[in-house]
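Asker: Fold the following and give me the result.
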Amino acid sequence: MKDRKTITVFGSSIPLKNEPEYETAYRLGTLLAMNGFNVCSGGHAGIMEAVSKAVSENGGEAIGVTLDFVRSSPNKYLTREIKCSALFDRIEKLISLGDAFVVLQGGTGTLLELAAVWELMNKNIVPVKPIACHSSMWREMGKIIDKQIEREKRISGLVRYFEEPAEIVKYLKETIF
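Answerer: The predicted model follows:
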């Protein structure tokens, strides 16, 4: 498991088993594990649980970077937990552990994580690594942000957009290995 690349997955804590967003995350986690990847997430419920469950069931490592003050327990599928006491320390740890990043459906917390990794790469604070967003929601937001980035003559095209988990995994395999 240690030789595997780690994909940090950002996404909502809200989806429940059998809901489309949970099932998409589970499919993604399964495909990632079957293609030699480990997963790192925020370690709690929803999308974080789904990818952790899928990866641990398929022989990969499921790392959870959890927050002390979150009222819910870490999900039971984690193979390793890293505890953080501050939100920005957690985001920094999630970014430092990732060889690439996948952004699934989410709200402002997921947006914050995407914005942090995108900005750190754009400012050359961290090395450029693949960022793959799932769904038309992120595609629409990304178009607007990329236009502004182009106007500012900064690095555009850092984020790629996909509709299917299999497309994401194919992209990661092509860009990481």
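
Asker: going forward, measure contacts and count neighbours with C-alpha atoms only.
Answerer: Fine.

Asker: what residues does the lowest-mean-pLDDT helix or strand in the chain touch?
Answerer: Least confident helix or strand of the chain, by mean pLDDT, DSSP states H and E, is helix 136-151 with a mean of 94. Residues outside helix 136-151 that contact it (C-alpha atoms under 8 Å, 6 or more residues apart in numbering): 105, 133, 155-157, 159, 161, 163.

Asker: what do you get if the cut-off is 7 Å, keeping everything else the same?
Answerer: Applying C-alpha atoms under 7 Å, 6 or more residues apart in numbering, the contact partners of helix 136-151 are 155-156, 161.

Asker: Could you dump those residues into a markdown table with secondary structure added?
Answerer: Converted to a markdown table, the contacts of helix 136-151 look like this (DSSP: H, G, I helix; E, B strand; the rest coil):
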| residue | secondary structure |
| --- | --- |
| I155 | coil |
| S156 | coil |
| Y161 | strand |
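
Asker: For L114, state which of the residues you listed is nearest.
Answerer: Set against L114, the nearest of these by C-alpha to C-alpha is Y161 (12.7 Å).

Asker: ok, for the closest one, nearest residue in space, not its chain neighbours?
Answerer: Nearest residue to Y161, sequence neighbours excluded (C-alpha to C-alpha, 6 or more residues apart in numbering): C133, at 4.8 Å.

Asker: mind checking the SS state of the one you found?
Answerer: Strictly by three-state DSSP, C133 counts as strand.

Asker: so how far is N18 from it?
Answerer: C133 sits 21 Å away from N18 when distances are taken as C-alpha to C-alpha, to the nearest Å.

Asker: repeat for R160
Answerer: For R160 relative to N18 (C-alpha to C-alpha), the value is 27 Å.

Asker: neighbour-wise, which of those two wins?
Answerer: More neighbours surround R160 than the other of R160 and N18, with 16 against 10 (other C-alpha atoms under 10 Å).

Asker: E152 - how many residues pack around it?
Answerer: So E152, with other C-alpha under 10 Å, has 10 neighbours.

Asker: Low-confidence stretches in this protein?
Answerer: In the predicted model, the chain carries pLDDT under 70 at residues 1-2.

Asker: mind listing the helices for it?
Answerer: 20-34, 47-57, 87-97, 108-122, 136-151, 165-176 (DSSP state H).

Asker: So what's the gap between the first one and the chain middle?
Answerer: For helix 20-34, the gap between its own C-alpha mean and the chain's C-alpha mean amounts to 12 Å (C-alpha atoms, centre = their mean, to the nearest Å).

Asker: Fine by me, we can end here.
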